[in-house]
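Visitor: sequence unavailable; structure follows:
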Ligand SMILES: NC(=O)c1ccc[n+]([C@@H]2O[C@H](COP(=O)([O-])OP(=O)(O)OC[C@H]3O[C@@H](n4cnc5c(N)ncnc54)[C@H](OP(=O)(O)O)[C@@H]3O)[C@@H](O)[C@H]2O)c1
């Protein structure tokens, strides 16, 4: 084991990655944190304790050098959809390079964030890409923990926040299909806690990281609607109509609110797991406590990742 406790987190200025970094610092035995990010100029909440390194996915030697001396790599890097010059294929290749660089650098453990129900033969690029990255890690020879969360909730969330935003602002909310497919939301800090716990194990692990409550999508929308005191009428629409409506909203918010793949994944009932939940925070309780801010402001994926943000 290395004497110095050096950790690396991809995306530690992002959503889940920030919670992982906070948990590491709270643990109190971090000598240094290397933040690997696509936005090295973004404001750094960890100050001098964090060394900020831009992604060098296309330079394997530099990437390995960035990871030399690191005890554990936490990888949160991934893209929600192909956009601009970043495709799912490119994101998979980037993570594969990261895994190989970690092995080359002698990293002791690799903690990787995946998704529930990834499958190499999935019809959805997101879930297929996640399965390919898992396979690369498992075959890499590195000691690993793979966490498979469902939809995350927390203050910085995009997906559930924007459902609340839509419910607050529009008279009608379209649910895709019958809405009976399930979602098992998980609190972002519970996943971070689990990731840090599993970093300290030396067992190779693949586990679901899901919350204690399972909702049908209809039930989830009903709960969020109650929380934000929305009056929107819930209507059921086919996925093609839903996508068309979402494109109209995209123009309004200058974002991509939902993709065809996300609608497909949701309706395919793969955002829940069948084993016991490892995370305990209930969305029902959290959403009650944060009802005032839930969906009060739209959260933009494109602002976060494609436009200049400080
Ligand atoms: N959010 C959810 O509800 C959810 C649900 C299930 C699984 N997950 C998984 O959890 C992990 C973390 O998700 P998150 O929501 O916390 O992600 P995030 O903070 O938004 O991003 C994580 C990392 O990916 C990079 N990234 C994201 N989109 C990018 C893009 N379009 N182009 C270039 N880089 C991009 C970020 O770059 P920067 O360093 O430049 O910020 C950051 O390093 C991901 O692997 C995701 O698949 C998330």
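Guide: Alright, I've got the coordinates. Please read these numbers as outputs of a predicted model, since none were measured by experiment.

Visitor: CA atoms for contacts and neighbours, from now on please.
Guide: Fine.

Visitor: distance of residue 277 from residue 39?
Guide: Using Cα to Cα, to the nearest Å, one obtains 33 Å as the distance from residue 277 to residue 39.

Visitor: helix/strand/coil for the residue of the stretch 51-200 of the chain found nearest the ligand?
Guide: In the stretch 51-200 of the chain, no residue comes nearer to the ligand than residue 77, which is 3.4 Å away by Cα to the nearest ligand atom. Local secondary structure at residue 77 is given as coil here, using DSSP: H, G, I helix; E, B strand; the rest coil.

Visitor: which residues are in contact with the helix or strand hosting residue 144?
Guide: Using DSSP states H and E, residue 144 maps to strand 143-149. Counting by Cα atoms under 8 Å, 6 or more residues apart in numbering, strand 143-149 makes contact with 108-117, 134, 137-138, 186, 191, 195, 198-199, 202-210, all of which sit outside it.

Visitor: which residue ranges of this structure form strands?
Guide: Counting by DSSP state E, the chain has strands at residues 6-10, 32-37, 50-54, 72-75, 109-113, 143-149, 152-153, 172-176, 182-183, 186-187, 205-209, 215-216, 233-237.

Visitor: hmm, residue 31 is touching residue 6, no?
Guide: Yes. Assessed by Cα atoms under 8 Å, residue 31 is found in contact with residue 6 at 5.7 Å.

Visitor: neighbour count: the two, which is higher?
Guide: The neighbour comparison of residue 31 against residue 6 (other Cα atoms under 10 Å) goes to residue 6, with 20 against 13.

Visitor: how close does the more buried one get to residue 16?
Guide: 19 Å.

Visitor: same check on residue 23?
Guide: For residue 23, the distance to residue 16 - Cα to Cα - is 11 Å.

Visitor: and for residue 9?
Guide: Following Cα to Cα, the distance that separates residue 9 from residue 16 is 10 Å.

Visitor: what do these two both touch?
Guide: Between them, residue 9 and residue 16 share these contacting residues under Cα under 8 Å, 6+ apart: residue 76.

Visitor: quick check: buried residues in stretch 177-184?
Guide: When neighbours are counted by 16 or more other Cα atoms under 10 Å, the buried residues of stretch 177-184 are found to be 177, 179, 181, 182, 183, 184.

Visitor: farthest-apart pair in these, please.
Guide: Between any two of the buried residues of stretch 177-184, the greatest separation by Cα to Cα is 18.4 Å, found for 177 and 184.

Visitor: write out the residues of the stretch 151-300 of the chain neighbouring the ligand.
Guide: Counting by Cα under 6 Å from any ligand atom, the positions of the stretch 151-300 of the chain adjacent to the ligand are 151, 152.

Visitor: residue ranges in the stretch 151-300 of the chain under the pLDDT threshold?
Guide: Low-confidence segments of the stretch 151-300 of the chain (pLDDT under 70): none present.

Visitor: now the helices: where do they sit in it?
Guide: If you assign secondary structure with DSSP state H, counting those that start in this stretch, the helices in the stretch 151-300 of the chain sit at 159-169, 188-199, 217-227, 239-253, 260-267, 283-289.

Visitor: what is the fourth one packed up against?
Guide: In this case it means helix 239-253. Under the contact definition 3 or more Cα pairs under 8 Å, 6 or more residues apart in numbering; DSSP states H and E, helix 239-253 sits against strand 172-176, helix 260-267.

Visitor: contact partners of the shortest one?
Guide: Residues external to strand 172-176 that are found in contact with it (Cα under 8 Å, 6+ apart): 166-167, 218, 232-239, 242, 263, 267.

Visitor: ok, 10 Å please
Guide: By Cα atoms under 10 Å, 6 or more residues apart in numbering, the residues outside strand 172-176 that reach it are 163, 166-167, 217-218, 221, 225, 231-243, 245-246, 263-264, 266-267.

Visitor: buried among those residues? Need that as a selection in PyMOL.
Guide: This is how PyMOL selects the buried members of those, with burial counted by 16+ other Cα under 10 Å:
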select buried, resi 163+166+167+217+218+221+225+232+234+236+237+239+242+243+246+263+266+267
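
Visitor: quick one, grab the pLDDT at the residue in the stretch 201-310 of the chain that the ligand sits nearest to.
Guide: Distances from the stretch 201-310 of the chain to the ligand, computed as Cα to the nearest ligand atom, single out residue 305 as the nearest residue at 5.1 Å. We have a pLDDT of 91 for residue 305.

Visitor: that one contacts residue 38, correct?
Guide: Yes. Counting by Cα atoms under 10 Å, residue 38 is a contact partner of residue 305 at 8.4 Å.

Visitor: which one's more surrounded, the two?
Guide: Counted by other Cα under 10 Å, residue 305 and residue 38 do not tie: residue 38 has more neighbours, with 17 against 13.
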